[in-house]
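Peer 1: Please work out how this folds:
(chains A and B)
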Amino acid sequence: MLTKRIIACMDVRDGQVVKGVQFQQLRHAGDPAALARRYNVEGIDEVVVLDVTATLESRRALARTIGAVAKEIFLPLTVGGGIRSEDDAAAAVEAGADKVSLNTAALSNPSLITTLSRRFGSQAVIVAIDAKRRDARFGVYVRSGTADAARDAVEWAREAEARGAGEILLTSMDRDGTRAGFDCELTAAVSDAVNIPVIASGGAGVLEHFLDVFTRGCADAALAASIFHYADTGVGDLKRYLSAKGIPVRL
Amino acid sequence: MIALIDYGAGNLTSVKKALTALGADFTVPTAPHECAVAAGLIVPGVGHFAATKALDAPWRDAVGRAVGAGTPLLGICLGMQWLYEGSEEEPELPGLGALDGRCQLLRGDRTRRLKIPHVGWNALDMPRPSRLLAGLASGSHVYFTHSFAAPVTSDCVAATTHAERFAAAVERENVFGVQFHPEKSGEAGLHILRNFLDFCRSC
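Peer 2: I've put the predicted structure just below:
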């Protein structure tokens, strides 16, 4: 049976892991390669590296970071943050990424999803959606959550799938870094709408939150950052907990 | 020396990295005749079956001859699918034909949320012992990402279920194939690659 995946996300700035609350107040959380090594030992299923500044200088640092992380782990590695062109994606793949995650660029240039899925296969193209509750719906935000894209998250996920995305990485901006739990309604709404895997992100705080997002949220994978970085929750403990609750996981 | 066949389907970086970590000597041949001197061949790849078009007649002949001469061959993911007669994904394009059968689209099961593509860690059910998977327990998890798969035949040494059962690993004399990505499957994956390299050395 296909297991539910536990994914560790590292927001990287200038070669260091940082983590903020609701996309603000970044603080340092360590060396990416060292963290990746620890996660691998603990049994993480996948690692995501997001370049949270994505300036030209940090782009060069990112290639080094990807290389250093890829040397440590023999697990799927996704790279995102500031990937705007086919060349950016090719550079990430060349450095060792298995998948690239598109966010702002996918919205401003949706044909990029198709271009990349034709070149690298749809399994290599993740469309990241930063969503925020707006009345009874979920709006999409871009530019690290600073700009309203005036799109509906569910409808945009459908379009991304149709254009060739292989997975959706869905972040609740309302919950990001709060440890208040995943937004299960948001996750279920998107998961119901598409036939590709949905990775839930934003709000992981305690073990029960993961159980919730895999049951009520219908997520295929759950991503967290700070609770793993600061070792509040061990990946192994989390997986044993989920397994005991009947969720299929890789132990 | 292992020959890693590059036909432009996906990146070779992760396979190279895994081979390096295992201390294997490998080369990426630029001409088909180089296959003849290799101790083993690996055909990696992800993506669409149409990409195997780059493995044209000279490459097919060279790989076919090497395999006929007893050189071990490992196909990974799309590389495994290419070992068969063909695939529903690109029906007109023939595969190597080293294994019987054709690859077909997995159907999934929407009502049970078994989505396609099949992405993630799934278990290997091993109906019989094999050289490729020796030392791995039945039920071990490996990482998949694909939409098409080969049927379970007598060559199958590990099957995986995602709404339906398909061939996850195959073995026939010196021809091996894995539908999953050993280079992305942690320790279990490295173990499988090590088994293949050991077999290449023993030939």
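Peer 1: residues contacting residue 200?
Peer 2: Just going to use chain A. By CB atoms under 8 Å, 6 or more residues apart in numbering or on different chains, residue A:200 lies in contact with A:170, A:182, A:183, A:187, A:213, A:217, A:219, A:221, A:222, A:223. Every C-beta, even on glycine, is put in place using the N, C-alpha and C of the backbone.
Peer 1: think we crossed wires, I meant chain B
Peer 2: Residue B:200 is in contact with B:2, B:39, B:40, B:72, counting by CB under 8 Å, 6+ apart.
Peer 1: and what of residue A:92?
Peer 2: Contact criterion CB under 8 Å, 6+ apart gives A:62, A:63, A:66, A:79, A:83, A:100 as the residues in contact with residue A:92.
Peer 1: mind redoing it with 6 Å?
Peer 2: Residues in contact with residue A:92 (CB atoms under 6 Å, 6 or more residues apart in numbering or on different chains) are A:79, A:100.
Peer 1: Is it within a helix or a strand, and which one?
Peer 2: helix A:86-95 (DSSP states H and E).
Peer 1: Any buried residues in that helix, and which?
Peer 2: Neighbour-count burial for helix A:86-95, with 16 or more other CB atoms under 10 Å in any protein chain shown as criterion, is recorded at A:88, A:89, A:90, A:91, A:92, A:93, A:95.
Peer 1: coming back round to it: select from the contacts of residue B:200 the one having the most neighbours.
Peer 2: Most neighbours among the contacts of residue B:200, by other CB atoms under 10 Å in any protein chain shown: residue B:72, with 25 neighbours.
Peer 1: For it, report the pLDDT, please.
Peer 2: We have a pLDDT of 98 for residue B:72.
Peer 1: and the stretch 51-200 of chain A, which of its residues are near chain B?
Peer 2: If contacts are counted using CB under 6 Å from any CB of the partner chain, the residues of the stretch 51-200 of chain A sitting beside chain B are A:74, A:75, A:76, A:93, A:96, A:121, A:123, A:195, A:197.
Peer 1: Relative to its centre, which residue of chain B is most distant?
Peer 2: residue B:111 (30.1 Å; CA atoms, centre = their mean).
Peer 1: Name the member of the residues of the stretch 51-200 of chain A next to chain B with the most neighbours.
Peer 2: Within these, residue A:75 tops the neighbour count with 27 neighbours, counted by other CB under 10 Å.
Peer 1: Just want the phi and psi numbers for the residue lying closest to residue B:36 once chain neighbours are set aside.
Peer 2: The shortest distance from residue B:36 to any non-neighbouring residue, by CB to CB, 6 or more residues apart in numbering or on different chains, is to residue B:66 (5.8 Å). Residue B:66 adopts backbone torsions of phi -60, psi -40, taken as degrees, to the nearest 10.
Peer 1: Which part of the stretch 51-200 of chain A gets nearest to chain B, residue-wise?
Peer 2: Nearest residue of the stretch 51-200 of chain A to chain B, counting by CB to the nearest CB: residue A:121, 3.3 Å away.
Peer 1: Just give the nearest non-adjacent residue to that residue, would you?
Peer 2: Excluding the flanking residues, the one nearest residue A:121 by CB to CB, 6+ apart is residue B:47, at 3.3 Å.
Peer 1: Let me know the secondary structure of that neighbour.
Peer 2: What DSSP: H, G, I helix; E, B strand; the rest coil gives for residue B:47 is coil.
Peer 1: Buried by neighbour count: which residues of the biggest helix by length in chain B qualify?
Peer 2: Secondary structure assigned by DSSP state H gives helix B:186-202 as the longest helix of chain B. With burial defined by 16+ other CB under 10 Å, the residues of helix B:186-202 counted as buried are B:186, B:188-197, B:199-200.
Peer 1: want to throw the residues of the stretch 51-200 of chain A next to chain B into TSV with pLDDT?
Peer 2: Output for those, formatted as TSV (pLDDT from 0 to 100):
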residue	pLDDT
A:74	94
A:75	96
A:76	96
A:93	89
A:96	89
A:121	85
A:123	89
A:195	92
A:197	95
